[in-house]
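Visitor: my questions concern the predicted model and sequence given below.
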Amino acid sequence: MKTLMLTLCIVSITSIFSFAAEHRQLSSGGNQISAINSGDTVIFDLAQATYAGNTVRIPVSINTDDNINSLDFWFKFNYAKLTFDSLIDLTIYIQSTCNFSTIDSFLHYSSYALQNYANNTPLILLQFITTGQIHASDLDSVSVLLNGSQCSIKITEPVMNGISAAISPMNVIVFPNPATSTIRISAREEFAAEMLNIDGCDVIEAKQTSTNGKLEMNTSEIPDGIYLLRIYDLSSSTIQKIIVTH
């Protein structure tokens with residue numbers, strides 16, 4: 001009887017430890033949690049930078065296979081050519097601060113969000129006053145963090161021969177251009193937009209209206225080519241050339 005009771009106790013204790021081990025494995029997802037590494041990238045996309053008068057706006061995005069809830073970066077820039085002006089948030093969910101420090105001469109950006117950051121989509125625009133076209137060499141000592149960990153940095157060079165995104169007199173931002181699957185339009189006021197063929201005669205994409213000054217137009221089923229994007233509000237309008245390529 002004593003031998004039977006001892007055997008049952010040993011079996012019970014073994015089962016408890018086995019259950020605890022399985023519970024820890026399930027709690028951690030059963031798989032190794034992916035970490036931020038060199039495969040995760042913060043992109044300063046000078047190729048899609050937009051110019052209006054003496055200002056330039058640089059889109060910043062991320063490319064990652066992880067869930068991102070914070071983004072930080074800091075860098076120096078060519079003070080002979082550039083003066084930091086402002087930050088434009090293209091999302092409605094990111095909380096951020098951005099300032100230029102005269103102490104260390106760095107531009108500092110820090111942000112977080114309760115939801116995951118959008119991937120391969122411009123999150124913010126850095127606006128500078130400039131005396132000419134900006135190049136990768138104008139950004140120096142760049143450091144970036146995703147979820148508090150270091151990752152890769154990509155600074156694209158501007159496209160010299162091509163149609164870049166533009167800021168119109170309506171203060172409308174259109175990107176990316178060329179576009180593959182989506183064109184994003186942003187403005188300070190509500191607007192409507194439609195896409196026409198290059199002759200301006202046939203409607204390729206019917207009229208769509210913005211929400212909170214933002215609009216996404218699907219171009220995934222539009223054939224490759226050059227089109228006209230007509231953007232208008234109650235008092236003004238603008239037409240921009242758009243390249244669609246898949």
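Guide: Happy to help now that I have it. Residues are numbered from 1 along each chain as shown.
Visitor: shaky segments in this structure?
Guide: Within the chain, the set of residues satisfying pLDDT under 70 comprises 1-34, 159-170, 199-201.
Visitor: could you report the neighbour count for residue 92?
Guide: 9 (other CB atoms under 10 Å). To be clear about C-beta, it is placed using only N, CA and C from the backbone, and glycine gets the same treatment.
Visitor: the one 3 residues further on too?
Guide: Number of residues near residue 95 (other CB under 10 Å) recorded here: 12.
Visitor: and residue 195, by the same measure?
Guide: Residue 195 has 21 nearby residues by other CB under 10 Å.
Visitor: list the contacts of the closest residue to residue 240 other than its chain neighbours.
Guide: Spatial nearest neighbour of residue 240, excluding adjacent residues (CB to CB, 6 or more residues apart in numbering): residue 229 at 4.9 Å. Applying CB atoms under 8 Å, 6 or more residues apart in numbering to residue 229 gives the contacts 174, 183, 185, 193, 194, 195, 196, 217, 239, 240, 241, 242.
Visitor: could you verify that residue 229 is part of a helix?
Guide: No. Judged by DSSP: H, G, I helix; E, B strand; the rest coil, residue 229 forms no part of a helix; its state is strand.
Visitor: so how far is stretch 110-122 from its chain's centroid?
Guide: For stretch 110-122, the separation from the chain centroid amounts to 7 Å (computed by CA atoms, centre = their mean, to the nearest Å).
Visitor: would you mark the buried spots in it?
Guide: 111, 112, 113, 117, 118, 121, 122 (16 or more other CB atoms under 10 Å).
Visitor: which one of those is nearest residue 142?
Guide: Using CB to CB, residue 111 is the member of those that lies nearest residue 142, at 16.1 Å.
Visitor: my read is that that closest one contacts residue 73, right?
Guide: No. With contact defined as CB atoms under 8 Å, residue 111 and residue 73 do not form a contacting pair (9.3 Å).
Visitor: re the thing from before, out of the buried residues of stretch 110-122, which sit inside strands?
Guide: Among the buried residues of stretch 110-122, the residues falling in strands (DSSP state E) are 111, 112.
Visitor: looking at the buried residues of stretch 110-122, which is nearest residue 93?
Guide: residue 113 (4.9 Å).
Visitor: need phi/psi at that closest one.
Guide: phi -160, psi 150 (degrees, to the nearest 10).
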